[in-house]
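Participant: with the sequence up front, the predicted model follows.
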Amino acid sequence: MNIHQGSDKTGATKLSFEKKFVCPMLPWPVLLHVPAWFIFCPWMAMASKVGPQFVVRSGSSVIGTVTDPPGPLFCCKANSIISDASGNKILECGPNSLCDYGMCCPCMADEVVPIFAVDSHTQVATITRKALSCEEMFGKMNRFTVNFGTIADPETRALIFAAAMLFDLTYWEQK
């Protein structure tokens, strides 16, 4: 995915997000159906090795990555790790429970994902998926906002925006 300067695609490409292919993670209720084990258990074994990842580029240089680390099977949490170009972990999004009110009933409550600095363990920003209207739910739309808080560095802001996009694609997008 490319983000262009200006209001259309004729402007220069400012940011580029490249999503690495991974085996899709499966929700644990699938395992309640014993016949599904033969199909889904091999997938889950592969999915437990590597999670979804965005590589964020500015021009041709990599400014960082956003990774959604795979968790244990019955650990219903959503989180992402934001790393700089050197691979150092700088921010962590979440963790949030997949059983939160905003996740289970998106029309009833906002889903707020806090972003913490790894070194100081203080909250520095938030990603919020707004409560959806009935039209948005049935139209399979999402609305989310990013509050950058105390973050002023444009590259770190781009990485937080990429984390919001990864959260949307991984957890909030209705398929």
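Facilitator: Nice, thanks for sending it over.
Participant: based on its surroundings, how many neighbours for the nearest residue to residue 61 once chain neighbours are set aside?
Facilitator: Leaving aside its chain neighbours, residue 61 sits nearest to residue 85 (7.4 Å; criterion: C-beta to C-beta, 6 or more residues apart in numbering). Where C-beta positions appear, they are placed from N, C-alpha and C, glycine not excepted. Applying other C-beta atoms under 10 Å, we find 15 residues neighbouring residue 85.
Participant: try the one 10 residues further on
Facilitator: Residues contacting residue 95 under the criterion other C-beta under 10 Å number 17.
Participant: quick one: secondary structure of it?
Facilitator: strand (DSSP: H, G, I helix; E, B strand; the rest coil).
Participant: please apply the same query to residue 10.
Facilitator: Counting by three-state DSSP, the backbone at residue 10 sits in coil.
Participant: which one's the longest helix in the chain?
Facilitator: The longest helix of the chain (DSSP state H) is helix 154-167.
Participant: next secondary structure element downstream of the lowest-mean-pLDDT helix or strand in the chain?
Facilitator: Across the helices and strands of the chain, mean confidence by mean pLDDT, DSSP states H and E is lowest for helix 37-47: a mean of 53. As assigned by DSSP states H and E, the chain's next helix or strand after helix 37-47 is strand 53-58.
Participant: what separates that next one from the chain centre, distance-wise?
Facilitator: Chain-centre distance of strand 53-58: 13 Å, with C-alpha atoms, centre = their mean, to the nearest Å.
Participant: do stretch 103-122 as well
Facilitator: 11 Å.
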